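Q: I would like the atomic coordinates for the input below:
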Amino acid sequence: MDLIHPSVQAYAEKYTSPVDPLLKEVNDFTLQNHREAVMLSGHLQGKVLEMISCMIKPRRILEIGTFTGYSGLCLAKGLTDDGILHTIELREEDAARAKAFFSRSSFADRIILHTGNALEIIPQLEEDWDLVFIDADKPAYIEYFNAVFPRLRKNGFILADNIFFHGQVLEDEVKGKSAKGIRDFNAYIKKRTDIEKVVLTVRDGIYLIRKL
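A: Numbers count the residues shown, from 1 in each chain. Prediction:
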């Protein structure tokens, strides 16, 4: 399902600041070589992530789901001078590719990449988070949220990606474990009273959540 009309998407990208050469390389490599290239944040969403990070000016960012590194590079642009971005990727091949791209960026010494299961790695990170980006295994979104929320500072932000899950959560009968996981996550977030939240209708949907 096309959630955003292709002409609207093209128009929005036309009037959005262009990507830098390294991001373009990450984008092109992923589209040409990765069988799951649809997972790439891409130009418009990447710029939204960058803008939000630059507005927040986080000292500590956690990204759950590195993929090939595009979103991490976007988020890193808002880091304070002493800021660090921790990013977690389950798949070793994707982690290696992302690490190679990170090493060529101006944030090479401020991005720490962890390979493995995020639910096992997160408790080992002794950090208080200013910004968290969740973009990994959809059925585990509630678990990811609960793993990071206690260490999210007051007025800290969580961004959860793919909350429309290709439009499948809009169907009368939601099928598939990933779509059901997102449906359950959205319902869980809606009920909580200790956060402010807004749905951004960018690409596949982003939940923007602020801790009260």
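Q: quick one: strands adjacent to the longest strand along the chain?
A: The longest strand of the chain (DSSP state E) is strand 152-161. Take DSSP bridges as the rule and strand 152-161 pairs in its sheet with strand 129-134 (parallel), strand 206-211 (antiparallel).
Q: out of these, deepest packed?
A: Of the strands paired with strand 152-161, the one with the most neighbours on average (mean count of other C-beta atoms under 10 Å) is strand 129-134, at a mean of 25. All C-beta spots, glycine's among them, are computed from the backbone N, C-alpha and C.
Q: from residue 107, how far off is residue 81?
A: Distance, residue 81 to residue 107, by C-beta to C-beta, to the nearest Å: 11 Å.
Q: neighbour count winner among the two?
A: More crowded of residue 81 and residue 107, by other C-beta atoms under 10 Å: residue 107, with 17 against 7.
Q: circling back to that earlier point, dump the strands paired with strand 152-161 into CSV; add mean pLDDT and distance to residue 17 as well.
A: As requested, these are exported to CSV (pLDDT from 0 to 100; distance: least, C-beta to C-beta, whole Å):
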stretch, mean pLDDT, distance to residue 17
strand 129-134, 98, 20
strand 206-211, 98, 19
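Q: how far does the helix or strand encompassing residue 10 sit from the chain's center?
A: Using DSSP states H and E, residue 10 maps to helix 6-14. Taking C-alpha atoms, centre = their mean, to the nearest Å, the mean C-alpha location of helix 6-14 is offset from the chain mean by 21 Å.
Q: for it, which helices and strands make contact with it?
A: In terms of contacts (3 or more C-beta pairs under 8 Å, 6 or more residues apart in numbering; DSSP states H and E), helix 6-14 is packed against helix 42-56.
Q: how far off strand 129-134 does the helix it packs on point, in degrees?
A: 160 degrees (axes from the mean of the first three to the mean of the last three C-alpha atoms, to 10 degrees).
Q: next, the angle from the very next helix or strand once past helix 42-56 to strand 152-161.
A: Downstream of helix 42-56, the first helix or strand assigned by DSSP H and E is strand 60-64. Interaxial angle, strand 60-64 versus strand 152-161 (the same axes, to 10 degrees): 40 degrees.
Q: what lines up beside strand 60-64 in the sheet?
A: Strand 60-64 pairs in its sheet with strand 84-89 (parallel), strand 129-134 (parallel), by DSSP bridges.
Q: tell me the buried residues in it?
A: Neighbour counts over strand 60-64 (16 or more other C-beta atoms under 10 Å) mark 60, 61, 62, 63, 64 as buried.
Q: which residues outside it are in contact with it?
A: Defining contact as C-beta atoms under 8 Å, 6 or more residues apart in numbering, one finds that strand 60-64 is touched by 53, 71-72, 75-76, 79, 83-88, 118, 122, 125, 127-136, 144, 148.
Q: same thing but at 6 Å, please
A: 72, 75, 84-88, 118, 127, 129-134, 136, 144 (C-beta atoms under 6 Å, 6 or more residues apart in numbering).
Q: same question, stretch 159-168
A: 1, 3, 133-135, 179, 182, 186, 204-208.
Q: what average pLDDT does it get?
A: Average pLDDT, stretch 159-168: 97.
Q: now the end-to-end length of it.
A: 20 Å (C-alpha to C-alpha, to the nearest Å).
Q: over to stretch 192-210?
A: Terminal residues of stretch 192-210 are spaced 11 Å apart (C-alpha to C-alpha).
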